[in-house]
Each structure stands twice: as structure tokens, then as C-alpha cells.
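In: sequence? don't have it. structure:
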């Protein structure tokens with residue numbers, strides 16, 4: 001399974017490890033030599049992802065953990081430390097479905113509850129898991145925390161005010177944590193992507209956009225790709241490879257920054 005050994009000896013925790021991005025990232029980290037711990041709310045999905053990794057020759061474990069439950073996350077990471085000795089890499093790929101936060105609605109039409117849903121889910125879970133990982137990494141004197149966001153953090157996209165606000169806040173938290181953790185040898189970085197078309201959330205978003213524009217999903221997908229400089233959309237494999245790079249010593253001088261994997265949909 002190993003494509004290289006750049007993460008050999010590292011222990012990686014991936015929250016949302018049963019989802020499209022989480023499973024892809026976990027698989028890539030394992031392929032690069034890491035032992036991966038997949039956490040999610042559905043035993044079925046995380047166990048399937050872990051089995052696929054072990055079948056390919058990697059080392060993977062599956063556990064049911066709610067990334068919104070701070071006490072549960074803290075207990076889980078303590079368990080990982082007892083089992084593996086350290087938490088070297090942490091990434092959170094959890095998130096709500098687009099219907100839960102009124103994706104596509106103008107901000108004036110959103111309820112306050114819809115607007116705040118990404119804050120109460122995406123932002124809260126990213127901060128919760130990063131805090132718990134940071135506590136272990138500070139003790140170790142090493143580690144990498146990888147935050148995930150998307151282009152609404154940067155671009156003023158109509159209909160994405162709530163998720164954009166949450167992603168923007170995630171990037172701010174990342175920079176603050178990088179400044180606080182850096183003296184102890186711990187890095188905090190962010191991976192920002194545009195829609196990965198092979199994920200459930202983007203397929204849902206494409207269908208909604210197509211319906212609103214009275215076009216086909218294929219046409220809506222083409223419009224998204226055309227909005228990038230490369231005229232293509234990154235897939236989960238691209239996101240996973242970038243995450244593995246950020247987790248490795250090849251990115252040892254990167255902290256407090258965003259790796260922009262948007263194919264040029266947004267610029268920094």
C-alpha cells in the first residue's frame with residue numbers, strides 16, 4: 001500500500017473518517033506510512049473505511065465518536081495516546097448536509113438558526129477536536145493540526161453566507177492556534193478546497209444549484225469548473241494528497257497558513 005514512508009511512525013486521527021473526504025485522507029495518510037484512527041458518528045461508515053485501508057495493507061482503527069462532544073473527543077484522544085503513544089496528526093472532515101443550513105438562500109431569507117448551523121457544527125467541531133489534539137501535542141512537543149475549509153471562506157458566493165462565516169472563522173482560529181502552539185513545535189495549517197465533485201455534499205449542492213438555475217446537474221458542474229483558473233475541479237484524491245503533504249516534514253516550515261487547493265477558484 002505504501003507510496004512512500006514520509007509519515008512512517010506517525011499516528012493520525014481523522015474525525016469524519018467515514019465520509020468521502022475523511023476516508024480519502026485517512027487512506028492517503030495510511031499509504032504514506034501513518035497508523036490512522038478513524039472517528040465518526042456512524043460505525044458502519046468508519047468501519048468500512050478502516051477495512052478498506054487494512055485490506056490495502058495499511059493500519060487503521062475505527063471508533064464511534066461525536067466530534068461535537070468535547071468530553072467524548074477528549075476521552076477518545078486520550079485513548080489513542082494510550083494505544084499508540086502519541087497523536088501526531090489531527091484532521092476534522094465532519095460537516096452538516098447543505099439542507100441543514102439553507103445553502104443557496106440569500107442571507108436576508110435565512111433564519112437565524114439556519115445561518116448559525118455551520119457555526120454550531122463546522123466551527124464548533126473543528127475547534128473542539130483541534131483543542132483536544134493540541135493538548136496532547138503540547139505535551140509531546142510536536143504535531144500537526146489540519147483544518148479544512150472551502151472557498152466560501154474567501155469568496156463572496158451568493159447563498160453561502162452561513163457556511164462562509166463558519167469557514168472564515170475556522171481560518172482565523174487556525175492562525176491564532178499556530179501562533180500559540182508554534183513555540184512548542186506544533187503546527188496548525190488549513191487546507192482550503194473548492195467543491196470535490198465526488199463527495200455527497202457537493203453532489204447535493206450541484207443538484208440544488210441546477211434546480212435554482214433551471215439547468216442540468218452536468219451543466220451546473222461545468223459552470224463550477226469553468227469558474228476555476230484550471231477549468232477543473234479537484235477530487236477527494238487531490239485533497240487527500242495535499243493533506244498528507246501538510247502532515248509531513250516536507251511542510252515543516254508551514255504553519256499559520258492556508259494551502260489553497262481551489263484550482264484557482266479563489267486567490268490569496
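Out: Great, that's in hand. Here the structure is a predicted model, which means the values were calculated and not measured.
In: so what's the predicted local confidence for residue 76?
Out: On pLDDT, residue 76 comes in at 98.
In: residues in contact with the closest residue to it other than its chain neighbours?
Out: Once flanking residues are discounted, residue 76 sits nearest to residue 65: 4.7 Å by Cβ to Cβ, 6 or more residues apart in numbering. (Glycine included, C-beta is placed from N, CA and C.) For residue 65, the contact set (Cβ atoms under 8 Å, 6 or more residues apart in numbering) comprises 15, 39-41, 72-73, 76.
In: for residue 65, what are phi and psi?
Out: Note on residue 65: backbone dihedrals following degrees, to the nearest 10 are phi -140, psi 140.
In: the one 10 residues further on too?
Out: Torsion angles at residue 75 (phi, psi; degrees, to the nearest 10) stand at phi -60, psi -40.
In: tell me how far it lies from residue 16.
Out: Distance of residue 75 to residue 16, given as Cβ to Cβ, to the nearest Å: 18 Å.
In: so residue 154 sits against residue 194, correct?
Out: No. Using Cβ atoms under 8 Å, residue 154 is not in contact with residue 194, being 10.3 Å away.
In: joint contacts of the two?
Out: residue 266.
In: these two: who's more crowded?
Out: Under the neighbour definition other Cβ atoms under 10 Å, residue 154 and residue 194 were set side by side, and residue 194 has more, 24 against 20.
In: so which strand or helix has the closest residue to residue 258 other than its chain neighbours?
Out: Among residues not flanking residue 258 along the chain, residue 190 sits closest, at 4.4 Å (Cβ to Cβ, 6+ apart). Take DSSP states H and E as the rule and residue 190 turns out to sit in strand 186-193.
In: would you give the sheet partners of that strand, along with the direction of each?
Out: The pairing partners recorded for strand 186-193 under DSSP bridges are strand 143-150 (parallel), strand 258-261 (parallel).
In: looking at those, which is closest to residue 164?
Out: Minimum separation from residue 164 across the strands paired with strand 186-193 (Cβ to Cβ) falls at strand 143-150, 8.7 Å.
In: neighbouring contacts of that closest one?
Out: 21, 86-93, 126, 130, 133-134, 136-137, 163, 167-168, 170-171, 173-174, 177, 181, 185-195, 243, 246-247, 258.
In: ok, back up a step: neighbour count: residue 75 and residue 16, which is higher?
Out: Using other Cβ under 10 Å as the criterion, residue 75 and residue 16 rank with residue 16 on top: 27 against 13.
In: any chance of the backbone angles for residue 89?
Out: phi -140, psi 130.
In: go ahead and confirm it touches residue 10.
Out: Yes. Look at residue 89 against residue 10 with Cβ under 8 Å: they come within range, at 5.8 Å.
In: identify the contacts common to the two.
Out: With Cβ under 8 Å, 6+ apart as the test, residue 89 and residue 10 both reach 29, 34, 247.
In: which among the residues you listed gets closest to residue 218?
Out: Among the shared contacts of residue 89 and residue 10, and counting by Cβ to Cβ, the member closest to residue 218 is residue 29, at 32.5 Å.
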